[in-house]
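Chemist: Could you work out the structure for the sequence below:
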Amino acid sequence: MSDLFADQELPTASREAPPDSAPLADRLRPRTLSEVVGQEHLTGADGAIGRMVAAGKLASMILWGPPGTGKTSIARLLADAVGMRFVNISAVFSGVADLKKVFAEARTAARSGQQTLLFVDEIHRFNRAQQDGFLPYVEDGTVTLVGATTENPSFELNAALLSRCQVLILRRLDHDALDELVRRAEGLDRRPLPVTEEARDALIASADGDGRFLLNQVETLFSVDIDRPLGPAELSDLLHRRLPVYDKDREGHYNLISALHKSIRGSDAQAALYYLARMLVAGEEPLYVLRRLTRAAVEDIGMADPNALLQCLAAKEMYDFLGSPEGEIGIVQACLYLATAPKSNAAYMAQKAAWRSAKETGSLMPPMHILNAPTKLMKSVGYGKGYAYDHDADEGFSGQDYWPEEMEAQSFYEPTDRGFEARVRERLEFWEQRRRELKQSGGAAG
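Modeler: Residues are numbered from 1 along each chain as shown. This is a model prediction of the structure:
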């Protein structure tokens, strides 16, 4: 770790330690940027934040990362590092009146030579109009904006606001970073955590990358009377696991369903089952997952194994009949069937090609010999004349031309040589060869 910030002078306010009654997470809040764990790619000498602090000038930025990764701490320490006035608001509790007050105070401070760093927590919760309200104050330097969000800024923030900010991505805290937080807590409390090494690892894993959650768990362990170190099972009985971060209408939802679909497409049954479990354990609606599996059955497997579609529909029937949790076994079976099935997107590509051609040639009339002729008038003008009934032809194949007269025959569907589709390919090649032979011999009707 670089010592870029080791000798950094901080304002007196930042040196004030929280009272002993404060939560452990507050008492262990970093005092300098060098103490922030797990984000060295940003805070180190070569990181974006490290370079800005070294230059003594901050750009407006969006800190994007999971909960408990240090977004608020970094924002406070950034202001300290360059001697800026720090203002903290939350988009959950603030409105237009609050913002106007903040901007007015920032302008007053600027006239006395004091620049303002405005930290907006949960910035994605401001609506589009409120986000637009930041633009003039960011552009004229009234405030340096540091927004924090757990959601993908591409989806949640205005393009105009994003264009004026750097997006810095905070990483989920890994095992080493979380272990460092535990060691700091032990140092502050002057005693080791009352758990075995195996339980310590389990405790860190249970935090799922969230430092704040981990410190809350550690604080609970220090607050109870434990006469001997707890093992993993005893620890599990005492503490609860962190629930997975999963919002059904936000990026985590789309990331996992994308990972599930692509693992199936890549024939990795184990990974597919893992992402399926991630979604269902987090509370995803099973029927939503089944709809995506059914889509994968026709998009990525198709005619290579037509039974894939039947497996998905059967799984849906089973789930409707049994519900959770028994019906989820059917979803698992369908997922595994898809992941282990031969793959082909030939039908999917054929659909796209045929739809494109239909849009370009959608008014062309089919050839007269395959038009229906329910009236005498239609028969008299040639509707249906010359149609060859294939079942009466040798091999059940007449070789007639079924394309509009103004259009060349097209080839949309190109089956692979995998699974059942290999047999389909043989049939198509056989019929195409027979068409050519019948055309050359003059035997093809139409």
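Chemist: quick one: low-confidence ranges for this protein?
Modeler: Confidence mapping of the chain against pLDDT under 70 gives the ranges 1-17, 240-252, 443-446.
Chemist: Find the centremost residue of it, please.
Modeler: Within the chain, the residue whose C-alpha comes closest to the C-alpha centroid is Asn255; the distance, by CA atoms, centre = their mean, is 2.1 Å.
Chemist: Show me where the stretch 151-300 of the chain has its helices.
Modeler: Counting by DSSP state H, counting those that start in this stretch, the stretch 151-300 of the chain forms helices over residues 153-156, 159-162, 175-189, 197-206, 211-223, 232-238, 251-265, 269-281, 286-296, given from the N-terminal end onward.
Chemist: So what's the gap between the fifth one and the chain middle?
Modeler: Which is helix 211-223. Its chain's C-alpha centre and that of helix 211-223 lie 29 Å apart, by CA atoms, centre = their mean, to the nearest Å.
Chemist: Point out the other helices and strands that that helix packs with.
Modeler: Taking 3 or more CB pairs under 8 Å, 6 or more residues apart in numbering; DSSP states H and E as the contact definition, the neighbouring helices and strands of helix 211-223 are helix 24-27, helix 175-189, helix 197-206. (C-beta placed from N, C-alpha, C; glycine too.)
Chemist: Apply 10 Å and report the result again.
Modeler: Using 3 or more CB pairs under 10 Å, 6 or more residues apart in numbering; DSSP states H and E as the contact criterion, the secondary-structure elements in contact with helix 211-223 are helix 24-27, helix 71-82, helix 175-189, helix 197-206, helix 232-238.
Chemist: Please produce CSV containing those, extended by distance to Glu406 and mean neighbour count.
Modeler: Shown next, in CSV, are the helices and strands packed on helix 211-223 (distance: least, CB to CB, whole Å; neighbours: other CB atoms under 10 Å):
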stretch, distance to Glu406, mean neighbour count
helix 24-27, 74, 18
helix 71-82, 63, 22
helix 175-189, 67, 17
helix 197-206, 67, 17
helix 232-238, 73, 15
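Chemist: Arg295: which of those helices is closest?
Modeler: Arg295 lies closest, by CB to CB, to one member of the helices and strands packed on helix 211-223: helix 197-206, at 33.4 Å.
Chemist: got the angle for the closest one vs helix 211-223?
Modeler: 140 degrees (axes from the mean of the first three to the mean of the last three CA atoms, to 10 degrees).
Chemist: Quick one: work out the angle between helix 197-206 and helix 175-189.
Modeler: Helix 197-206 runs at 110 degrees relative to helix 175-189, counting by the same axes, to 10 degrees.
Chemist: picking up where we left off before, tell me which of the helices of the stretch 151-300 of the chain sits nearest to His41.
Modeler: Short answer: helix 175-189, nearest of the helices of the stretch 151-300 of the chain by CB to CB, at 11.8 Å.
Chemist: circling back: how about the helices and strands packed on helix 211-223 in JSON lines, adding distance to Glu437?
Modeler: Converted to JSON lines, those look like this (distance: least, CB to CB, whole Å):
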{"stretch": "helix 24-27", "distance to Glu437": "80"}
{"stretch": "helix 71-82", "distance to Glu437": "72"}
{"stretch": "helix 175-189", "distance to Glu437": "69"}
{"stretch": "helix 197-206", "distance to Glu437": "68"}
{"stretch": "helix 232-238", "distance to Glu437": "73"}
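Chemist: could the helices of the stretch 151-300 of the chain go into TSV alongside distance to Leu28?
Modeler: Compiled in TSV, the helices of the stretch 151-300 of the chain are given as follows (distance: least, CB to CB, whole Å):
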stretch	distance to Leu28
helix 153-156	28
helix 159-162	33
helix 175-189	5
helix 197-206	15
helix 211-223	6
helix 232-238	21
helix 251-265	27
helix 269-281	30
helix 286-296	40
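Chemist: To Ala129, which of those helices lies closest?
Modeler: Each of the helices of the stretch 151-300 of the chain has some distance to Ala129 by CB to CB; the shortest is helix 159-162, at 11.6 Å.
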